[in-house]
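# need the 3D shape of this:
(chains A and B)
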Number of protein chains: 2
Amino acid sequence: MFIIGELINGMYNNIGKAIKEHDKAVIQKCAQDQINAGADCLDVNCGPASKQPVSDLPWLVEVIQEVTDKPLSLDSSKPQVIEAGLKVAKNKVVINSVTADPEKLAVLVPLAKKYNTKLIGLTISAKGIPQNKDQRLELAATIVAHCADAGFPVEDLYLDPIVLPVNVAQAQMKDILESIHEFKIISDPSPKTIVGLSNVSQGTKARNLVNRIFLTMAIAQGLDAAILDPLDNDLMDALITSELILNKNIYCDSFLSAYRKK
Amino acid sequence: MFIIGELINGMYNNIGKAIKEHDKAVIQKCAQDQINAGADCLDVNCGPASKQPVSDLPWLVEVIQEVTDKPLSLDSSKPQVIEAGLKVAKNKVVINSVTADPEKLAVLVPLAKKYNTKLIGLTISAKGIPQNKDQRLELAATIVAHCADAGFPVEDLYLDPIVLPVNVAQAQMKDILESIHEFKIISDPSPKTIVGLSNVSQGTKARNLVNRIFLTMAIAQGLDAAILDPLDNDLMDALITSELILNKNIYCDSFLSAYRKK
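Modelled structure (predicted):
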């Protein structure tokens, strides 16, 4: 499982404040805490309050790169913000994200190719959020076809079925889970799959429980990556144990701590 | 999810002692505790220490029936023990279990039909435990075909892929999970699927965690029933939340307690 830590996001008060005040220590501690907890990559998002994302994102990237060489997931809906981050990135990069819209694909896929990054593709378009599995698959196929045409390696593409909150889209959860399995068979080599996890529990009263159960079910469907809170210890236990059951880590009695040390 | 409580089993010291001493109170409390925790059915197993299972099992059945009319899962590898239980059962019955061996099928399927019970079919035979998914499917198909031939309704058949401990059969776990999905498409109407859960964590150091993660992954594959410890509160939370995500119970903020009350 490729674990992307979600906590460096300006929508969180402490991070929003640190961006505003250019307080490196808060950002760097958040980076290190997530890596120590098992993150393979750090999402970097200026948040909605940032007035200058074109300068805030590069600042974040440079500050984080002072303390780690782990990959960074540059998270913005604006291609020019992502490009500003790419220009200063020395670490490996995941572009988060492109959609199935032709104008987004036309800009971001060449950027991903030029900078040799991985790319997250959201199965969403200007028409809105897909309402069923067929619509998700159609959008996924659009993204895969565009990448293949453009010569971008499909195995570096992470398709996201768009996880909706269980309390507002309960009837769609099964489709979302099954999409994870079906995305993998769109092409050979397979695209990879990813979820932005926390959205599933948005507005519920048992957020951590809902998060870890959904993640476990998604891993059972073959999920490759997730954007999540690696400081949620029970969530990480669920993730590690799910991967153990799928034989991705060798069993030992101390498999939980062994995985974290690795 | 059809939840079969596993705790009335002579292999547990308190139950073994209660059977030996004909102590009704211990058995009846164990029955009620499991039902209060959410069990839909109670497994009834005299355990390996029982010298007289042909009389011990009917005694257990009668004692339990004094306090509940929930279904009972009569659990023995000996058909004559199961028949002794059937003779006194007033509650609905699940026969636990038949294997894919012709001589077992020839006795137990007619019994299940005669007494109008459900039937658990283990995908195992005299040749031993299956080593891969194909062998599991072959044994499952043998059982389904036998039931269909004998006029036993396939939708009353619960196929068990035989869950092995993750610390000794880690490479088989994925096959076991996928078998759950594939058993459902052997015939139309579909047979049901079941696991004896606790075996997955046998000998591991994090039993409850392994149990609930495996159960969650199995539910993601379409599991219909499980034999488990309903007094494991975290396990029940995982089960309830998994079913919530599959839209089998309507979301409300107090979905955990709402399910239990139901």
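# all contacts plus neighbour counts: C-alpha atoms, from now on.
Noted.
# pLDDT below threshold where in chain A?
By pLDDT under 70, chain A has no low-scoring segment.
# got the residues of the stretch 101-250 of chain A near chain B?
Residues of the stretch 101-250 of chain A found near chain B (Cα under 8 Å from any Cα of the partner chain) are A:166-167, A:170-171, A:173-174, A:204-206, A:209-210, A:213-214, A:216-221, A:238, A:241-242, A:244-247, A:250.
# the residues you listed in helices, which ones?
When those are checked against helices (DSSP state H), the matches are A:173-174, A:209-210, A:213-214, A:216-220, A:238, A:241-242, A:244-245.
# from those residues, which two are the most distant?
For those, the maximum inter-member distance is 24.2 Å, found between A:173 and A:244 (Cα to Cα).
# of the two, who's got more company?
residue A:244 (25 against 22; other Cα atoms under 10 Å in any protein chain shown).
# now the more buried one: how far from residue A:220?
Remark: distance between residue A:244 and residue A:220 (Cα to Cα, to the nearest Å) = 11 Å.
# assign a three-state SS to the one residue sitting closest to the centre of chain A, would you?
The residue lying closest to the centre of chain A (Cα atoms, centre = their mean) is residue A:227, at 3.9 Å. Under DSSP: H, G, I helix; E, B strand; the rest coil, residue A:227 falls in the strand class.
# all strands of chain A, in order?
For chain A, the strands defined by DSSP state E cover A:2-5, A:41-44, A:72-75, A:93-98, A:118-122, A:157-160, A:192-196, A:225-228.
# longest helix in chain A, please.
Longest helix in chain A, counting by DSSP H: helix A:133-150.
# so residue A:173 touches residue B:246, yeah?
Yes: if you go by Cα atoms under 8 Å, residue A:173 and residue B:246 touch, sitting 6.2 Å apart.
# coming back round to it: mean neighbour count, the strands of chain A: which tops it?
Highest mean neighbour count among the strands of chain A (mean count of other Cα atoms under 10 Å in any protein chain shown): strand A:157-160, with a mean of 28.
# that strand pairs with which strands?
strand A:118-122 (parallel), strand A:192-196 (parallel) (DSSP bridges).
# ok, and what's touching that strand?
A:118-123, A:140, A:144, A:183, A:191-196, A:225 (Cα atoms under 8 Å, 6 or more residues apart in numbering or on different chains).
# list just the nearest of those to chain B.
residue A:195 (15.1 Å; Cα to the nearest Cα).
# so what's that closest one up against?
Contact partners of residue A:195, counting by Cα under 8 Å, 6+ apart, are A:160-163, A:223, A:225-227.
# repeat that for 10 Å
Each residue near residue A:195 by Cα atoms under 10 Å, 6 or more residues apart in numbering or on different chains is listed here: A:120, A:122, A:158-163, A:176-177, A:180, A:215, A:218, A:223-228.
# next: residue A:210.
Neighbour list for residue A:210: A:165-166, A:197-198, A:200-202, A:204, A:216, A:235, B:237-238, B:241-242, B:244-245 [criterion: Cα under 10 Å, 6+ apart].
# for it, give its distance to residue B:104.
On the measure of Cα to Cα, residue A:210 and residue B:104 end up 42 Å apart.
# got the angle between the longest helix of chain A and strand A:118-122?
Going by axes from the mean of the first three to the mean of the last three Cα atoms, to 10 degrees, helix A:133-150 is angled at 150 degrees with respect to strand A:118-122.
# which secondary structure elements does helix A:133-150 contact?
Packing partners of helix A:133-150 (3 or more Cα pairs under 10 Å, 6 or more residues apart in numbering or on different chains; DSSP states H and E): helix A:102-114, strand A:118-122, strand A:157-160, helix A:173-183.
# closest one to residue A:33 among those?
Closest among those, once you apply Cα to Cα, is strand A:118-122, at 23.5 Å.
# roughly how far is the closest one from the heart of the chain?
Put simply, strand A:118-122 sits 8 Å off its chain's centre (Cα atoms, centre = their mean, to the nearest Å).
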